[in-house]
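*Asks:* sequence first, predicted model second:
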Amino acid sequence: MHAYAKSISAKRSMAELIRAEGLTAGYGDAVVLDDVSLALDEGGSLAVLGRNGVGKTTLLLTLLGLTRLKRGRIAFHSDDITRLPTWRRAHAGLGWVPQERLMFASLTVEEHLTVVERPGGPWNLQRVYKLFPRLEERRRNFGNQLSGGEQQMLAIARALMTNPKLLLLDEPMEGLAPIIVQELVKVIGQIVRAGEFAVIVVEQHARLALGLTTQAIVLDRGCVVHRAASEALLADPATLDRLVAVA
Ligand SMILES: Nc1ncnc2c1ncn2[C@@H]1O[C@H](COP(=O)(O)OP(=O)(O)OP(=O)(O)O)[C@@H](O)[C@H]1O
Ligand SMILES: [Mg+2]
């Protein structure tokens, strides 16, 4: 076994879901992430914080296999997924709510949900409609006939339909009206606390993300500059403001 793979399995605890070690990755020749490591247990939650352009999205894309990985390893359950194509990572249980939401004008709300449905877990159409009644009301609307908040609900619901083991949420509150943010925080909080799957939340709204999670990392220029329990970071506004300069 490769020495690196060995160190991954040696440190793995029973409940560990994902472990990324020494991720150095970027686009083409540009290196954006520098030696980033993280680990998360089954049902756990991690906030990824940091200012604009520090590499938060690139970290999620790297876990999904959508960047150019120069160094590092990713273990999911006991499997080394470092070299797996994205679709196989999705099958293994990585769910993704992209920053751009990526809705299709040619599909209805319900079609968005049913085309990705992967049975075998607790999530199905009935359950996502229960979580987001608004989507049931809009089930015959097309992707381009939705408000920003509805699109974000659909992006989350779509990921849930794949019955993920790990849900990657990229700035789920971005650009939404405060009342919608409140509604989404409530719903995301519910699913995170239920612990049916693990969650990594990338957020500019650091306090919201810390309120939703138990662990946090802060990125700066592609490096992890801080690791903490979410609660501890939330209780230390001076450190939080220094790291992410939130209002
Ligand atoms: N497709 C790409 N090709 C080249 N460089 C990219 C690409 N996407 C992002 N970058 C660069 O990588 C760096 C990190 O970008 P990334 O999108 O990961 O940051 P972020 O923390 O998610 O920012 P934001 O808060 O604005 O979403 C930036 O300097 C950005 O310009
Ligand atoms: Mg981003």
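*Replies:* The structure has been received and is ready for your questions. Ligands and ions are numbered 1, 2, ... in the order given.

*Asks:* what does the lengthiest helix in the chain rub up against?
*Replies:* Determined from DSSP state H, the single longest helix within the chain is helix 178-194. For helix 178-194, the surrounding residues in contact (Cβ atoms under 8 Å, 6 or more residues apart in numbering) are 45, 131-132, 147-149, 152-153, 156, 160, 167, 169, 172-173, 176, 197, 199, 201, 205, 208, 211-213. (Each C-beta comes from the backbone N, C-alpha and C, glycine too.)

*Asks:* what about those, which are in strands?
*Replies:* 45, 167, 169, 199, 201 (DSSP state E).

*Asks:* how many other residues sit next to the third one?
*Replies:* Same thing as Leu169. Leu169 is flanked by 28 other residues according to other Cβ atoms under 10 Å.

*Asks:* and the last one, by the same measure?
*Replies:* Val201 has 27 neighbouring residues, counting by other Cβ under 10 Å.

*Asks:* that one touches Ala47, doesn't it?
*Replies:* Yes - judged on Cβ atoms under 8 Å, Val201 makes contact with Ala47 at a distance of 5.3 Å.

*Asks:* and the helices in this structure?
*Replies:* So, for the chain - with DSSP H - the helices run 3-11, 56-63, 86-92, 109-116, 125-131, 133-137, 148-160, 178-194, 206-212, 230-234, 237-244.

*Asks:* dump those to JSON lines, plus mean neighbour count.
*Replies:* Putting these into JSON lines (neighbours: other Cβ atoms under 10 Å) gives the following:
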{"stretch": "helix 3-11", "mean neighbour count": "13"}
{"stretch": "helix 56-63", "mean neighbour count": "23"}
{"stretch": "helix 86-92", "mean neighbour count": "14"}
{"stretch": "helix 109-116", "mean neighbour count": "18"}
{"stretch": "helix 125-131", "mean neighbour count": "15"}
{"stretch": "helix 133-137", "mean neighbour count": "16"}
{"stretch": "helix 148-160", "mean neighbour count": "23"}
{"stretch": "helix 178-194", "mean neighbour count": "15"}
{"stretch": "helix 206-212", "mean neighbour count": "22"}
{"stretch": "helix 230-234", "mean neighbour count": "18"}
{"stretch": "helix 237-244", "mean neighbour count": "15"}
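
*Asks:* Val31: which of the ones you listed is closest?
*Replies:* When those are compared by Cβ to Cβ, helix 56-63 sits nearest Val31, at 9.9 Å.

*Asks:* is that closest one positioned near ligand 1?
*Replies:* Yes - using Cβ under 6 Å from any ligand atom, helix 56-63 reaches ligand 1 at 56-58.

*Asks:* now, which of these lie close to ligand 2?
*Replies:* 56-57 (Cβ under 5 Å from the ion).

*Asks:* rebuild the residues of helix 56-63 next to ligand 1 as CSV, extending it with pLDDT.
*Replies:* Shown next, in CSV, are those (pLDDT from 0 to 100):
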residue, pLDDT
Lys56, 97
Thr57, 97
Thr58, 98
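
*Asks:* get me the contact residues on this structure for ligand 1.
*Replies:* 27, 30, 32, 50, 52-58, 99, 204.

*Asks:* give me the buried subset of those.
*Replies:* Neighbour counting over the residues of the chain next to ligand 1 (16 or more other Cβ atoms under 10 Å) leaves 32, 50, 54-58, 99, 204 as the buried ones.
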